[in-house]
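Colleague: Here's a sequence, model it:
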Amino acid sequence: MGIQEMKGKVTFEEVEDEDTTPLTNNGQYFETQPDASWVLHEGETPFEELRREQHEEWGLAQWLVKNLGQAQTDQFLKLPIASMELYKMTMCGNHENENGESLQEEVEL
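Modeller: Predicted structure coming up:
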């Protein structure tokens, strides 16, 4: 809409759009290409796998707390099957030491 000022009053005037090209492809500004991508592998991502495993472990922990006493829970946790497997990784940070080398830290996951 164009705006004109007449004697201190504002009025609106309807004007035609300059670009009257209708949008195609459901409003997308690009054309889809049927062979632009493909699935190489389907399955869980490492994060999804870890989350599923942790969910299973928490389910067991909840059951132990709800159904067993402290002594029985302690005995169960001493079994080899109940031991948690920890992963150690060296993480490189975005800060450097005096020699210009990236700071590193070993963490357990």
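
Colleague: Following element in sequence after the longest helix seen in the chain, please.
Modeller: Determined from DSSP state H, the single longest helix within the chain is helix 46-67. Counting by DSSP states H and E, the next helix or strand C-terminal to helix 46-67 is helix 70-77.

Colleague: Relative to the lengthiest strand in the chain, what are the paired strands and their orientations?
Modeller: Taking DSSP state E as the criterion, the chain has its longest strand at strand 88-96. Each strand paired with strand 88-96, and its direction, by DSSP bridges: strand 102-108 (antiparallel).

Colleague: Only alpha carbons, please: show the partner strand as PDB.
Modeller: C-alpha atoms of strand 102-108 as PDB (Å, rounded to 0.1, in the frame of the first residue of the first chain):
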ATOM      1  CA  SER A 102      45.100 -26.700  23.300                       C
ATOM      2  CA  LEU A 103      44.300 -27.500  26.900                       C
ATOM      3  CA  GLN A 104      43.100 -31.100  27.400                       C
ATOM      4  CA  GLU A 105      41.200 -32.900  30.100                       C
ATOM      5  CA  GLU A 106      40.500 -36.700  30.600                       C
ATOM      6  CA  VAL A 107      36.900 -37.300  31.400                       C
ATOM      7  CA  GLU A 108      34.800 -40.400  32.200                       C
END
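
Colleague: Could you pull out the buried residues of it?
Modeller: For strand 102-108, a neighbour-count test (16 or more other Cβ atoms under 10 Å) marks nothing as buried. Quick note: C-beta positions are derived from backbone N, CA and C, even for glycine.

Colleague: Quick one: distance of it to the chain centre.
Modeller: Relative to its chain's centre, strand 102-108 lies at 23 Å (Cα atoms, centre = their mean, to the nearest Å).

Colleague: avg pLDDT for that strand?
Modeller: Average pLDDT, strand 102-108: 84.

Colleague: same question, stretch 64-80
Modeller: Across stretch 64-80, the average pLDDT comes to 85.

Colleague: Just the residues contacting that stretch, thanks.
Modeller: Residues from elsewhere that reach stretch 64-80 (Cβ atoms under 8 Å, 6 or more residues apart in numbering): Ala82.

Colleague: Next, the buried residues of that stretch.
Modeller: Result for stretch 64-80 [16+ other Cβ under 10 Å]: buried residues Leu64.
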